[in-house]
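**Q** Give me the fold of what follows.
(one chain, ligands or ions: 1)
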Amino acid sequence: MTKFYDYIIAGAGCAGLSLLMRMMQDPFFSQKKILIVDASGKTLNDRTWCFWEKSPDIFEPIVHHCWNKLDFFSETYTAELSISPYTYKMIQGLTFYNYVKSEAERHSNVSWLKETIRGLASPETDEEGKPLSGIVLGDRSIYAEYVFNSIQFEPIRPEPHQYYLQQHFKGWTIQTKEPFFDPGKATFMDFRVSQEHGTTFMYVLPTSATTALVEYTLFTKDLLSPDSYDIALKRYITEYLHIPEYEIVHEEFGIIPMTNAILPKANGGIVYIGIAGGQVKASSGYAFRFIQKKTAAIVDALKNRRTVSVKAGFPDTKGLLYDSTLLHILYHQKMGGSDIFSRIFRHNRASDVLAFLDNESSLLTDLKIMSSVPTGIFLPAALRELKHLL
Ligand SMILES: Cc1cc2nc3c(=O)[nH]c(=O)nc-3n(C[C@H](O)[C@H](O)[C@H](O)COP(=O)(O)OP(=O)(O)OC[C@H]3O[C@@H](n4cnc5c(N)ncnc54)[C@H](O)[C@@H]3O)c2cc1C
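**A** Presented below is the predicted three-dimensional model:
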């Protein structure tokens, strides 16, 4: 079998394009033949990414807006959270896709293919007997030394002891005639909305005094009927933001899996990235920073000719235990997310909570955060989840 490419990147979404960008920015990859394949031309502004970080990373030039202060609201706790040394940032999907695409135009070693991938090909070897991995396109397969796959070919199937909730949300970017927003401050979570379906909150992300993305978010087993999201958004904008008149200039809808099911990390030269590789925080749905960390680690491993690591380190294993515990509590409705996050933010520094949600907090901080929630509810859940992890 002839090797056509050094690397195939299957899926040109957040993970595939983050990996490609990192490769293009590093001279080590300038002679490597890279193929990126996606069924979509990536021409739609289909999502907005928000994330927090302490220092700028490679996508800093396309950050659309950032905030140093975040509001938190619930029936029991309200606070303006100062998040230093973190900054909360927003990147728009289409800007991200175009940024990486235009950089790729300057790299003759990068080829794009707009085609549906049917699946991953059976492993092969090249003329020298070196292993190759591939993708199946129509009636042909293409091979490379590595395939970095962000496509979920199979639905996630949790084991009976694992949990699967959906984080589903609808966002409207609204524009007002009069100034209503403070663009220096975002609402991270507003739990004052009805919790009848389960953990439910609003984000408000103002990018000017007259423009904000308002997002209605739920962590539940089932989706709502389409009009329920619109009704909730309308009510919130009128009753909580006190905005009588506005124009909806953009809409987005998304579903993110919140599960402790173990997703494949790698299989020979196939490396799973993005949501397909489990790089979404099960208890929060945030994935952007996890994808950045993973793609940076892949580039580092390739440059140093190390096998791309598939083993979860201690911070990720610890994070999985905490995520499983929270999913257990939410899934079995032992306590609502509003109460849990209110207690955590009330008793801890916001920067510690953000580090915790990034799997980057110290054990001491973890203990402090865990002591903010009722031990009688969380300890038995943690012990049960620990048993399944060992
Ligand atoms: C609307 C929305 C908003 C989000 N907001 C945030 C946020 O604010 N912060 C955060 O941290 N996370 C957020 N997420 C979660 C996560 O960051 C995104 O889902 C992210 O895009 C995941 O990256 P990915 O590469 O795994 O998947 P994707 O970005 O979805 O990329 C997968 C790619 O594979 C392609 N593809 C699929 N099937 C095939 C096939 N058979 N053949 C060829 N190509 C195929 C798709 O076209 C797509 O381009 C959001 C998710 C959504 C849906």
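**Q** Just the buried positions in the lengthiest helix in the chain, please.
**A** Longest helix in the chain, counting residues (DSSP state H): helix 314-331. Buried residues in helix 314-331, counting neighbours by 16 or more other Cβ atoms under 10 Å, are found at 316, 318-331. Bear in mind the C-beta positions are built from the backbone N, C-alpha and C, glycine included.
**Q** cool, and stretch 299-319?
**A** Using 16+ other Cβ under 10 Å as the test for burial, stretch 299-319 gives V299, L302, V308, D316, K318, G319.
**Q** Which elements pack onto the helix or strand harbouring I8?
**A** I8 is part of strand 5-10, with elements assigned from DSSP states H and E. On a contact count with 3 or more Cβ pairs under 8 Å, 6 or more residues apart in numbering; DSSP states H and E, strand 5-10 meets helix 14-24, strand 34-38, strand 131-137, strand 140-149.
**Q** What strands line up against the one helix or strand V214 maps to, and which way round?
**A** Per DSSP H and E, V214 falls inside strand 211-220. Strand 211-220 has the following strand partners under DSSP bridges: strand 164-175 (antiparallel), strand 199-208 (antiparallel).
**Q** among those strands, which is nearest K185?
**A** strand 199-208 (7.4 Å; Cβ to Cβ).
**Q** hmm, who's touching that closest one?
**A** 48, 50, 64-65, 67, 71, 90, 171, 181-183, 185-191, 193-194, 212-220, 236, 240-241, 330, 336-338 (Cβ atoms under 8 Å, 6 or more residues apart in numbering).
**Q** need the strands for the stretch 151-300 of the chain, in chain order.
**A** With DSSP state E, counting those that start in this stretch, the ranges of strands along the stretch 151-300 of the chain come out as 164-175, 185-190, 199-208, 211-220, 247-259, 266-267, 270-272.
**Q** hmm, back to that, among the strands paired with strand 211-220, which is nearest the ligand?
**A** strand 164-175 (7.1 Å; Cβ to the nearest ligand atom).
**Q** quick one: the closest one to chain centroid distance?
**A** 13 Å (Cα atoms, centre = their mean, to the nearest Å).
**Q** Stretch 116-134 too?
**A** Distance, centroid of stretch 116-134 to centroid of chain: 29 Å (Cα atoms, centre = their mean).
**Q** Does the ligand have contacts with it?
**A** Yes: counting by Cβ under 6 Å from any ligand atom, the ligand is contacted by stretch 116-134 at T116, I117.
**Q** before we move on, back to that, mind giving me the ChimeraX select for the contacts of strand 199-208, buried ones only?
**A** Buried subset of those, written as a ChimeraX selection, criterion 16+ other Cβ under 10 Å:
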select :48,50,64,65,67,71,90,171,181,183,185,186,187,188,189,190,191,193,212,213,214,215,216,217,218,219,220,236,240,241,330,336,337,338
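**Q** Of the contacts of strand 199-208, which are in range of the ligand?
**A** Within the contacts of strand 199-208, those near the ligand by Cβ under 6 Å from any ligand atom are C50.
**Q** ok, back up a step: residues contacting the strand holding I8, please?
**A** 16, 19-20, 23, 32-37, 111, 117, 120, 133-135, 142-151.
**Q** Nearest residue to the residue sitting nearest the centre point of the chain in space, ignoring adjacent ones along the chain?
**A** Taking Cα atoms, centre = their mean, the centroid of the chain lies closest to A287, which sits 1.7 Å from it. With sequence-adjacent residues excluded and distances taken as Cβ to Cβ, 6 or more residues apart in numbering, A287 is closest to V280, at 3.9 Å.
**Q** any idea of the pLDDT on the nearest residue to Y272 once chain neighbours are set aside?
**A** If the residues on either side of it in the chain are set aside, Y272 comes closest to P264, at 5.1 Å by Cβ to Cβ, 6+ apart. The per-residue pLDDT reported for P264 equals 87.
**Q** Listing request: residues of the stretch 1-150 of the chain with sub-threshold pLDDT.
**A** For the stretch 1-150 of the chain, applying pLDDT under 70 flags the ranges 1-3.
**Q** how about the residues of the stretch 1-150 of the chain near the ligand?
**A** So far as Cβ under 6 Å from any ligand atom goes, the stretch 1-150 of the chain lies against the ligand at 11-16, 37-40, 47, 49-51, 116-117, 150.
**Q** Quick check: pLDDT value at the spatially closest residue to A212 that is not a sequence neighbour.
**A** Spatial nearest neighbour of A212, excluding adjacent residues (Cβ to Cβ, 6+ apart): P206 at 4.0 Å. Note on P206: pLDDT of 98.
**Q** returning to what we had before: can I get the buried residues of stretch 299-319 in TSV including pLDDT?
**A** TSV is the format used below for the buried residues of stretch 299-319 (pLDDT from 0 to 100):
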residue	pLDDT
V299	97
L302	95
V308	75
D316	81
K318	88
G319	88
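**Q** which two from those end up farthest apart in space?
**A** L302 and K318 (26.8 Å).
**Q** picking that back up, lowest-confidence stretch among the strands of the stretch 151-300 of the chain?
**A** Taking the mean pLDDT of the strands of the stretch 151-300 of the chain, strand 266-267 comes last: a mean of 89.
**Q** List the pairing partners of that strand within its sheet, with orientation.
**A** Going by DSSP bridges, the partners of strand 266-267 are strand 270-272 (antiparallel).
**Q** For beta bridges, what are the partners of the residue nearest to L132 when sequence neighbours are not counted?
**A** Of all residues not flanking L132 in the chain, Y143 sits nearest, at 4.2 Å (Cβ to Cβ, 6+ apart). Beta-bridge partners of Y143, counted by DSSP bridges, are G134.
**Q** Quick check: S141 vs the ligand, distance?
**A** 14 Å (Cβ to the nearest ligand atom, to the nearest Å).
**Q** burial of that residue, as a residue count?
**A** S141 has 17 neighbours, counted by other Cβ atoms under 10 Å.
**Q** was I right about it contacting L132?
**A** No: applying Cβ atoms under 8 Å as the test, S141 and L132 come out as separate, 9.7 Å apart.
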